[in-house]
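Visitor: Generate coordinates for the sequence data below:
(one chain, ligands or ions: 2)
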Amino acid sequence: MSFGFEVIHKDIAGRVGKLKVGEKVIRTPALLPVINPHLQLVTPREMADLGVEALITNAYIFYRSAQYREQALAEGLHKLLDFDGVIMTDSGSFQLSVYGDVEVTNKDTLSFQKAIGSEIIVPLDIPTSPAADYETAKHELAVTLERLDEAREFMGEDCQLAAPVQGGIYTDLREEAGAAVSERGFTFCPIGAVVPLMESYRYQDLVRVVMAAKKGLSPAACIHLFGAGHPAMFALAVAMGCDLFDSAAYALYAKEGRYMTVHGSFKIGELAELPCACSVCRSHTADELNKAPDRERLLALHNLYVTLAEISRIRQAIQDGTLWELVDERCRGHPRLLSGYRELLTYADELEQSDRVSKRRFFYRGSESCLRTEVGRYHQMVSRFTLGAEVLVSFDGTEIEGYDDCLLFRPPFGPLPQGLSETFPVGQHEVPDWDDEMVLRGCEGIAALQESHPDSAITVLCTREWEPLVRAALPDVGVILNDI
Ligand code: GUN
Ligand code: ZN
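Guide: Ligands and ions are numbered 1, 2, ... in the order given. Just a heads-up that it's a prediction; the model follows:
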């Protein structure tokens, strides 16, 4: 299948990459705005001017439209939409289940998408409802996989086919689905049927489902999160390894008078100020925007600016190695997003495998930071320290004669040999005043050191403030008090 996906920078499971679609290349993470030919608040040409390299439209809308069907077949989508970038079409599985008035088979939509010049073609998958029971989800997944096989056979090897990953809310099915599409050699894999989860703020379930799918999928596959359009959750999704998003949200929100920010959305009538640097917001007051005759278009433009800017910010964060900090910041915008973030942190061991070794810095942003990949990795690394028989871990830097090794205590990581004091993460971290979580997590590092060095006797030189906590956390380690 003629997709090429090259990963250039990594952070957590996120990546900055280049997706080759035929002769065209798009930079990822990328946002594919959804175009509805009947309702073009912002035209594809304007989008291209804003830096949009790919967009998505629904083949089903063209298929059943008296106005556009023949034109699309005659001219192709690129001419009809006046867009030179990559155009992906969705089969409209979702819409079919809603309108359902025009019958379409898998082969019908595949031939139609090809005939109108789509560059990324989506077979007729079945988006399984989160409410579906296990047997239904399993059956619908089997049908989706049959349709992918049929699509491969029908369209030939060199066709750019997307392979949706379904499986409902069942993590074993999602993993199976991911493995199944990767085994079949598909390299462009949208994770499907997550819209209902996002609409009801079920971010914890979203994380479970996406992480399960990713476990089955090849790390070389380019992953699209179907229907994810709110910028507040992009960083979280990218951290899990999602590369592409498609957004109708910029337009749908505009229709409802909603103004997007990376922290959430606001009713435009409730805003006194427009906290954004885009041209719409700099040339209108909140009141002017609310009362503008073309309010819907202006809001759509602003929403699109915010969405695209967040994608740029994420790409930069990945290059800098500061994606955890961005995820932390974004996920505090809504309590349910915070639940999603906390869920993601439970996968730290898995994420650690893809995470990069060195980053610009580690900013401590609260107790969640204790569970970051870098801390777990450090706790594994302490087993490789070379130690003498008597080892001191000093909380305040005081050294005592008579020990073979003197290590510093650097929460949330733990024991720090002098030789690592300039290295990431422990040498490049910024923490505020110590808190209990941070010190307890650091004690886990001391425990890991003791466990991996049974021939060394470790003693912690502790300050009075932390003594009770450290004694409780490290019952098998000697603790002495520096009481100066
Ligand atoms: N758009 C949002 N979710 C889905 C999905 O699961 N499948 C398809 N084809 N399109 C979608
Ligand atoms: Zn704006």
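Visitor: Now do stretch 207-219: everything it contacts.
Guide: By Cβ atoms under 8 Å, 6 or more residues apart in numbering, the list of residues contacting stretch 207-219 from outside reads 13, 165, 167, 169, 171-172, 174-182, 187, 189, 191, 194, 197, 223, 225, 236-237, 240-242, 340, 343-344, 347, 350, 354. Just so you know, the C-beta spots here come from the backbone N, C-alpha and C atoms, and that holds for glycine as well.
Visitor: Counting neighbours, which of these end up buried?
Guide: Neighbour counting by 16 or more other Cβ atoms under 10 Å classes 13, 165, 167, 169, 171, 174-182, 187, 189, 191, 194, 197, 223, 225, 236-237, 240-242, 340, 343-344, 347, 354 among the contacts of stretch 207-219 as buried.
Visitor: Can you flag which of these belong to strands?
Guide: Among the buried ones among the contacts of stretch 207-219, the members found in strands (DSSP state E) are Cys189, Ile191, Ile223, Leu225.
Visitor: List just the nearest of those to Arg377.
Guide: The nearest member of these to Arg377, counting by Cβ to Cβ, is Ile223 at 23.5 Å.
Visitor: Run through the bridge partners of that closest one.
Guide: Cys189 (DSSP bridges).
Visitor: returning to what we had before: would you mind giving the ones in strands among the buried ones among the contacts of stretch 207-219 as JSON lines with pLDDT added?
Guide: Formatted as JSON lines, those follow (pLDDT from 0 to 100):
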{"residue": "Cys189", "pLDDT": "98"}
{"residue": "Ile191", "pLDDT": "98"}
{"residue": "Ile223", "pLDDT": "98"}
{"residue": "Leu225", "pLDDT": "98"}
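Visitor: These: which ones sit near ligand 2?
Guide: Checked against ligand 2 using Cβ under 5 Å from the ion, those yield no neighbours at all.
Visitor: Please name the nearest non-neighbouring residue to Ile318.
Guide: Of all residues not flanking Ile318 in the chain, Asp11 sits nearest, at 4.3 Å (Cβ to Cβ, 6 or more residues apart in numbering).
Visitor: and if you look at Tyr403?
Guide: Leu392 (4.2 Å).
Visitor: Is the one you found within a helix or a strand, and which one?
Guide: strand 390-394 (DSSP states H and E).
Visitor: which strands and helices sit next to that strand?
Guide: strand 405-410, helix 436-452, strand 457-463 (3 or more Cβ pairs under 8 Å, 6 or more residues apart in numbering; DSSP states H and E).
Visitor: For the stretch 301-450 of the chain, just list every one of the helices.
Guide: 323-331, 335-345, 348-354, 373-381, 436-452 (DSSP state H, counting those that start in this stretch).
Visitor: Please identify the one among those that comes closest to ligand 2.
Guide: Closest of the helices of the stretch 301-450 of the chain to ligand 2 is helix 323-331, at 17.8 Å (criterion: Cβ to the ion).
Visitor: what comes up buried for that closest one?
Guide: Residues of helix 323-331 classed as buried: Leu323, Trp324, Glu325, Leu326, Val327, Asp328, Glu329, Arg330, Cys331 (neighbour count, 16+ other Cβ under 10 Å).
Visitor: Close to ligand 1: what parts of the stretch 51-200 of the chain are there?
Guide: The stretch 51-200 of the chain has residues Asp90, Ser91, Ser93, Phe94, Val122, Asp125, Pro127, Pro164, Gly192, Ala193, Val195 near ligand 1, with proximity defined as Cβ under 6 Å from any ligand atom.
Visitor: Contacts only, for Leu338.
Guide: Cys331, Arg332.
Visitor: Over to the one 5 residues further on?
Guide: Glu343 makes contact with Tyr203, Gln204, Val207, Arg208 under the criterion Cβ under 8 Å, 6+ apart.
Visitor: Now the closest residue to Val143 other than its chain neighbours. Its backbone dihedrals?
Guide: Spatial nearest neighbour of Val143, excluding adjacent residues (Cβ to Cβ, 6+ apart): Ile126 at 5.6 Å. When read as degrees, to the nearest 10, the backbone of Ile126 gives phi -110, psi 110.
Visitor: Next up, the contacts around Ile126.
Guide: With Cβ under 8 Å, 6+ apart, Ile126 has these contacts: Ser93, Glu140, Leu141, Val143, Thr144, Gln166.
Visitor: how much space between the closest residue to Val306 other than its chain neighbours and ligand 1?
Guide: Among residues not flanking Val306 along the chain, Met260 sits closest, at 4.9 Å (Cβ to Cβ, 6+ apart). Separation of Met260 from ligand 1 (Cβ to the nearest ligand atom, to the nearest Å): 19 Å.
Visitor: Then Ser118?
Guide: Separation of Ser118 from ligand 1 (Cβ to the nearest ligand atom): 13 Å.
Visitor: same deal with Gly51?
Guide: 23 Å.
Visitor: Equivalent analysis for Leu19, please.
Guide: From Leu19 to ligand 1 the distance is 18 Å (Cβ to the nearest ligand atom).
Visitor: Any idea what that residue is bridged to?
Guide: The partner list for Leu19 in beta bridges (DSSP bridges) reads Phe5, Ile26.
Visitor: I figured it hits Val7, correct?
Guide: No: counting by Cβ atoms under 8 Å, Leu19 does not reach Val7; the two are 10.3 Å apart.
Visitor: From the neighbour counts alone, determine which of the two ranks first.
Guide: Leu19 (24 against 16; other Cβ atoms under 10 Å).
Visitor: returning to that earlier point: give the contact list for the residue nearest to Ile318.
Guide: Contacts of Asp11 by Cβ under 8 Å, 6+ apart are Ala239, Ala317, Ile318, Gln319, Gly321, Thr322, Leu323, Trp324, Asp355, Arg356, Lys359.
Visitor: Which single one of those residues is nearest to Pro412?
Guide: Trp324 (12.8 Å).
Visitor: okay, the closest one: pLDDT?
Guide: The per-residue pLDDT reported for Trp324 equals 98.
Visitor: Which residue, other than its chain neighbours, is closest to the residue of the stretch 1-150 of the chain found nearest ligand 2?
Guide: Residue of the stretch 1-150 of the chain nearest ligand 2, by Cβ to the ion: Leu50 (12.2 Å). Spatial nearest neighbour of Leu50, chain neighbours left out: Leu308 (6.0 Å); criterion: Cβ to Cβ, 6+ apart.
Visitor: Give me the distance between that neighbour and ligand 2.
Guide: Look at Leu308 and ligand 2: by Cβ to the ion, to the nearest Å, they are 11 Å apart.
Visitor: Ala277 and ligand 1: what is the separation?
Guide: Ala277 is 31 Å from ligand 1, by Cβ to the nearest ligand atom.
Visitor: let me redo that: Asp84
Guide: 24 Å.
Visitor: same check, this time on Gln380
Guide: 37 Å.
Visitor: quick revisit: quick one: contacts for the residue nearest to Tyr403?
Guide: Glu399, Ile400, Tyr403, Asp405, Cys406, Leu407, Ile458, Thr459, Val460, Leu461.
Visitor: Give me the nearest residue to the second one, chain neighbours excluded.
Guide: The shortest distance from Ile400 to any residue that is not its chain neighbour, by Cβ to Cβ, 6+ apart, is 5.9 Å, and that residue is Leu392.
Visitor: ok, that neighbour to ligand 1 distance?
Guide: 57 Å.
Visitor: Beta-bridge partners for that residue, please?
Guide: Cys406, Thr459.
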